[in-house]
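In: sequence and predicted structure, then a few things I'm wondering about:
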Amino acid sequence: MARAAVLGRLTWQLGEVAEVIRETSRVSSLVLDVPGWPGHLAGQHVDIRLTAEDGYQAQRSYSIASPPESPLVTLTVERLEDGEVSPYLVGEVRAGDRVEVRGPIGGYFVWRAGEERPLLLVAGGSGIVPLMAMIRHHAAAGATAPVRLLYSSRSIEDVIYKDELGRLSAADKRLTVAHTLTRSQPPGWDGYGRRIDGEMVAEVAWPKKDTPAVFICGPTAFVETASDLLVELGYDAAWIRTERFGATGG
Amino acid sequence: MKQSDLKLDGNAIAGLLREIFTMEMTTAQSTCAGCGKVHAVGRVDVYLNAPGAVVRCPACEQVLMRIVHARGRYWLDLTGTRCLEFEAPSDLSV
């Protein structure tokens, strides 16, 4: 499956929307049934192409949230109000609709359950999506690597996969989830309540002697901050893999 | 909006590179012709807010590649890349 997922010519296919899951007020997951899907790796993405009646086409990349164990392809998409594609995917698309998709794509920002190094995942906003594929892969495969997730959201309402992350971390002591809420915190909040900083990273991250594998995903400024903080902590830049979403995220 | 906020990375052109090379290229290693540093293609800086994709070295910011796909053709400028090293596919029939 791994070879199939990285080799061969990319072709556009029609995927049928099997289900739409509302994650937050601005984020939905589309569960796609793509005929002949070759399988994918945790961290890969797909391209989605929309064609208007006049022939105008718009194309965007979306990370896959479902684990390699799933035959369906789940994309979790954040609605950007001035976007060309995401307002259609979040709000317009219904089960039974078809969208043009090609993939899976990518091989650099990928984690496989056989890897035994401690795993540090750092997510800003919808940057959680490819990391969720890794967490779901870890759970589905019964992987032994210990995992720590540091996940920054604006408010508790903006936390994607909140319940599932709570369930998975309660069921598996190898998974630890630390949230930070940067804009507002609910009463009684016991997580972090500020932007990511050196003290937070030092508390959550594995000691450098553990030589962890690190995946960081989110808006560009967030990714660069998190990456720099880890290097200041003594991490080797070669341990860190990043995926930048640009200014807006998603 | 600052230019630095628009910076993406090689993951953003994984699909475009696979159109051209017909294989996964973000794990390829690129050597900068300017500073000589080697980076995985997934790690390099990418700007898509130009006519095409501009790929820069994360160490020295020299342009490594320019890629334009228009009117049914590709233009691939690799002047800034001294070497692009990647694994040969074991099964070319795929």
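Out: Structure received. Computed from a prediction, not measured in an experiment: that's the story for all the values here.
In: the residue nearest to A:G142 when sequence neighbours are not counted in helix, strand or coil?
Out: Excluding the flanking residues, the one nearest A:G142 by Cβ to Cβ, 6 or more residues apart in numbering or on different chains is A:A113, at 7.9 Å. Using the backbone N, CA and C atoms, a C-beta is placed for each residue, glycine as well. Going by DSSP: H, G, I helix; E, B strand; the rest coil, the secondary structure assigned to A:A113 is coil.
In: residue contacts, A:A113?
Out: When the contact criterion is Cβ atoms under 8 Å, 6 or more residues apart in numbering or on different chains, the partners of A:A113 are A:A42, A:H137, A:H138, A:A140, A:A141, A:G142, A:A143, A:A145.
In: tell me which element the fourth one is part of?
Out: By that I understand A:A140. In this structure, A:A140 is located in helix A:128-141 according to DSSP states H and E.
In: mean confidence score for stretch A:148-158?
Out: Here stretch A:148-158 scores 98 as its mean pLDDT.
In: try stretch A:22-38
Out: 96.
In: now do stretch A:119-129
Out: Mean predicted lDDT for stretch A:119-129 stands at 98.
In: keeping just the C-alphas, turn it into CSV.
Out: Output in CSV follows, covering the C-alpha atoms of stretch A:119-129 (Å, rounded to 0.1, in the frame of the first residue of the first chain):
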residue,chain,number,x,y,z
LEU,A,119,6.2,11.4,18.8
LEU,A,120,5.5,15.1,19.4
LEU,A,121,2.7,16.6,17.4
VAL,A,122,2.1,20.4,17.5
ALA,A,123,-1.1,21.8,15.9
GLY,A,124,-2.3,25.3,15.3
GLY,A,125,-6.0,25.5,14.4
SER,A,126,-6.9,23.3,11.5
GLY,A,127,-3.3,22.1,11.4
ILE,A,128,-4.6,19.3,13.6
VAL,A,129,-6.1,17.5,10.6
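In: how about the contacts made by the spatially closest residue to A:E81 that is not a sequence neighbour?
Out: Closest residue to A:E81 apart from its sequence neighbours, by Cβ to Cβ, 6+ apart: A:P87 at 6.9 Å. Applying Cβ under 8 Å, 6+ apart to A:P87 gives the contacts A:R79, A:L80, A:E81.
In: got the phi and psi for A:P87?
Out: Per-residue torsions, A:P87: phi -60, psi -30 (degrees, to the nearest 10).
In: equivalent analysis for the one 3 residues further on, please.
Out: With angles defined as degrees, to the nearest 10, A:V90 sits at phi -110, psi 90.
In: B:H39 belongs to a strand?
Out: Yes. Under three-state DSSP, B:H39 sits within a strand.
In: so it touches B:Q29, yeah?
Out: Yes. Counting by Cβ atoms under 8 Å, B:Q29 is a contact partner of B:H39 at 7.2 Å.
In: what sits against the residue nearest the centre of chain A?
Out: Centroid-nearest residue in chain A: A:V129, 1.8 Å away (criterion: Cα atoms, centre = their mean). By Cβ under 8 Å, 6+ apart, the contact set of A:V129 is A:Y62, A:S63, A:I64, A:A65, A:L75, A:T76, A:I160, A:C217.
In: next one: B:I67
Out: Counted by Cβ under 8 Å, 6+ apart, B:I67 has contacts B:I13, B:L16, B:L17, B:I20, B:G52, B:A53, B:V55, B:Y74, B:W75, B:L76, B:D77.
In: at 6 Å what do you get?
Out: By Cβ atoms under 6 Å, 6 or more residues apart in numbering or on different chains, B:I67 lies in contact with B:G52, B:A53, B:L76.
In: please report how far it lies from chain A.
Out: Look at B:I67 and chain A: by Cβ to the nearest Cβ, to the nearest Å, they are 15 Å apart.
In: which SS class is that residue?
Out: strand.
In: what is the worst-scoring helix or strand of chain B on mean pLDDT packed up against?
Out: Lowest on mean pLDDT, DSSP states H and E among the helices and strands of chain B sits strand B:45-50, with a mean of 90. Here strand B:45-50 touches strand B:52-56, going by 3 or more Cβ pairs under 6 Å, 6 or more residues apart in numbering or on different chains; DSSP states H and E.
In: how about 10 Å then?
Out: strand B:8-9, strand B:52-56, strand B:63-70 (3 or more Cβ pairs under 10 Å, 6 or more residues apart in numbering or on different chains; DSSP states H and E).
In: for chain B, state which of the contacts of A:P87 is nearest.
Out: Nearest to chain B out of these is A:L80 (Cβ to the nearest Cβ; 13.6 Å).
In: for the closest one, which non-adjacent residue is closest in space?
Out: Per Cβ to Cβ, 6+ apart, closest to A:L80 is A:S86, 4.8 Å.
In: the residue of chain B found nearest chain A: neighbour count?
Out: Closest to chain A within chain B is B:G42: 2.5 Å, counting by Cβ to the nearest Cβ. Counted with other Cβ atoms under 10 Å in any protein chain shown, residues neighbouring B:G42 total 25.
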